[in-house]
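Participant: A structural model of the following input is requested.
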Amino acid sequence: MNPTSLLQALGSIGVFPTRIFLPAFISALLLRFGPQIPVLHHLGLLAHLHQGHPTWFTNNVALGILGVLSVLELVAQKNAEARNVLQEVDVWGKALLAALTSFGVISSTDSNFVQQMTQHAGYLDLIPPLIAALGTIKVAHVRKGVVNNFFDHVQGTHLEHLASWLEEAWSTFGVLLLFVFPILMLLVIGLGIGVLFLIRKRMERAEEQAKRPCASCRTLIYPCAMACPSCRHPNSEPAAIGFLGMSQPFSTSSIASHPYRLMEKRRCALCASRLRARRPFEPCAACGDVSLADPTFARNYLAYVRGRLPLVLMVCLLMSFVPILGLIVGTIYYRMELVLPFSQYLSLGRGFLLRWMIRLLFVVLIFLQIIPVVGGIVVPLMAFISFAAYSESFRSMVMAHEHKPASESGVCAFDSRKN
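Facilitator: Here you go, the predicted model:
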């Protein structure tokens with residue numbers, strides 16, 4: 001077994017879970033041109049590269065394909081709708097590219113590898129790609145659970161884009177450091193993966209340990225639930241919901257608005273189970289409730305978000321007078337308060353079209369922010385336009401669903417909020 005490829009395979013478990021094609025592209029570039037880089041050519045894995053013609057993984061065609069796919073992936077990651085589509089296949093895609101990259105490293109460090117593979121490759125040669133693939137699947141699943149929970153609550157804001165760029169920086173420089181300082185990078189990756197697992201376990205444990213028995217049937221329910229998913233018995237004191245949708249150690253200040261707060265955090269308005277499918281009118285996996293399919297609930301949810309409009313516009317007005325930084329902070333604030341509650345429930349096509357139409361308009365408004373006096377209304381104007389556009393799109397989607405036959409609309413046969 002090739003020790004160089006084993007080190008790379010172990011390290012790939014830490015970089016491939018973030019992106020599919022970018023780590024493979026950077027790896028191929030280093031395998032192809034690494035020996036020509038002064039100072040670095042004798043360090044780490046680069047010192048073991050076989051000097052010769054480009055391999056199947058490092059030839060011009062492979063580099064071109066990986067480069068194009070990497071660019072497309074970078075663009076897709078900056079769009080919430082495209083990212084949601086990628087998430088349906090990204091775990092397996094990352095595993096496949098991790099394995100192919102591991103084969104590529106073996107090809108570039110062992111001149112006899114291709115001949116062995118065509119004749120009688122030993123089982124030991126398959127261990128590094130297998131390690132890379134299986135390890136990537138495991139870590140990618142963990143990363144998906146942690147990172148998606150964060151993206152759910154910052155979608156469309158500068159925090160979303162910052163997190164995306166940080167992951168891409170990790171994919172790029174992580175691969176470089178893995179090739180140059182493999183042992184050090186393996187220690188860093190091990191520490192990072194450990195922290196990621198701890199975060200996920202902490203989140204899951206906190207949610208499960210916080211469950212309490214239903215007063216009627218003793219089924220364990222979330223503290224923030226409005227009712228038990230099994231017997232529908234009301235929860236007398238629902239816990240408040242925090243920024244990341246976690247139950248708080250104190251009761252909600254308003255039981256009347258609590259179901260809408262749950263929906264805002266992508267949790268079932270009845271039993272508080274997390275909604276995972278990322279589609280409009282998603283049935284709850286635990287209780288079957290489809291809250292937004294109830295026209296009255298949907299209209300009340302719209303009114304609940306609309307009630308924030310005056311305060312948000314006032315804050316955005318103050319932010320407008322702070323050049324650049326005020327624009328960034330104000331945009332994050334109004335998108336989280338006025339846009340995200342609607343955008344996360346819009347269909348893929350509807351959300352994509354709306355997002356880009358608003359962006360084209362905002363290109364002009366952003367330049368106006370540097371003009372004295374006029375700039376003072378830019379951020380609140382952006383907030384109002386965004387709210388108007390997304391709330392109207394949400395309302396029209398609900399109305400269209402309302403007029404469908406009951407067999408097609410997915411409306412539940414019961415509504416616990418009426419009991």
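
Participant: can you tell me which helices and strands the helix or strand containing Ala28 packs against?
Facilitator: If you go by DSSP states H and E, Ala28 is part of helix 22-33. Taking 3 or more CB pairs under 8 Å, 6 or more residues apart in numbering; DSSP states H and E as contact, the helices and strands that helix 22-33 lies on are helix 3-15, helix 60-77, helix 90-109, helix 158-180. Any C-beta I mention is one placed from the backbone N, CA and C, and that applies to glycine too.

Participant: please work out which residues outside that helix touch it.
Facilitator: 8, 12, 15-16, 46, 49, 54-55, 57-58, 62-63, 66-67, 69-70, 73-74, 97-98, 100-101, 104-105, 108, 168, 171-172, 174-176, 179 (CB atoms under 8 Å, 6 or more residues apart in numbering).

Participant: what's downstream of the helix or strand of the chain with the lowest mean pLDDT, the next helix or strand?
Facilitator: For the chain, using mean pLDDT, DSSP states H and E, the weakest element among its helices and strands is helix 113-119, scoring a mean of 46. Downstream of helix 113-119, the first helix or strand assigned by DSSP H and E is helix 127-154.

Participant: next, the angle from that next one to helix 90-109.
Facilitator: 140 degrees (axes from the mean of the first three to the mean of the last three CA atoms, to 10 degrees).

Participant: if you count contacts, what does helix 127-154 end up packed against?
Facilitator: Right, helix 127-154 is packed against helix 3-15, helix 90-109, helix 158-180, helix 182-209 by 3+ CB pairs under 8 Å, 6+ apart.

Participant: next, count neighbours for the residue lying closest to Ile137 once chain neighbours are set aside.
Facilitator: Once flanking residues are discounted, Ile137 sits nearest to Ala95: 4.7 Å by CB to CB, 6 or more residues apart in numbering. The tally of other residues near Ala95 (other CB atoms under 10 Å) stands at 22.

Participant: and Ala95, how far from Pro129?
Facilitator: Distance of Ala95 to Pro129, given as CB to CB, to the nearest Å: 10 Å.

Participant: just checking: what are the partner strands of the lengthiest strand in the chain?
Facilitator: In the chain, with assignment by DSSP state E, the single longest strand is strand 247-251. Here strand 247-251 is paired, per DSSP bridges, with strand 239-241 (antiparallel).

Participant: before we move on, the earlier item: quick one: which of the helices and strands packed on helix 127-154 has the weakest pLDDT on average?
Facilitator: Note on those: helix 182-209 shows the lowest mean pLDDT, a mean of 78.

Participant: helices or strands up against whichever helix or strand comes after that helix?
Facilitator: Using DSSP H and E, the helix or strand that directly follows helix 182-209 along the chain is strand 212-213. Contacts defined by 3+ CB pairs under 8 Å, 6+ apart place strand 212-213 against strand 220-221.

Participant: list the helices and strands the strand it packs on packs on?
Facilitator: Using 3+ CB pairs under 8 Å, 6+ apart, strand 220-221 is in contact with strand 212-213.

Participant: quick revisit: among the contacts of helix 22-33, the buried ones, what's the PyMOL command?
Facilitator: Selection of buried members from the contacts of helix 22-33 for PyMOL, criterion 16 or more other CB atoms under 10 Å:
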select buried, resi 8+12+15+16+46+49+54+55+57+58+62+63+66+69+70+73+74+97+98+100+101+104+105+108+168+171+172+174+175+176+179
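
Participant: measure the closest residue to Gln248 other than its chain neighbours to Met246 for me?
Facilitator: The shortest distance from Gln248 to any residue other than its chain neighbours is 4.2 Å, reached at Ala240 (CB to CB, 6+ apart). Going from Ala240 to Met246 by CB to CB gives 10 Å.
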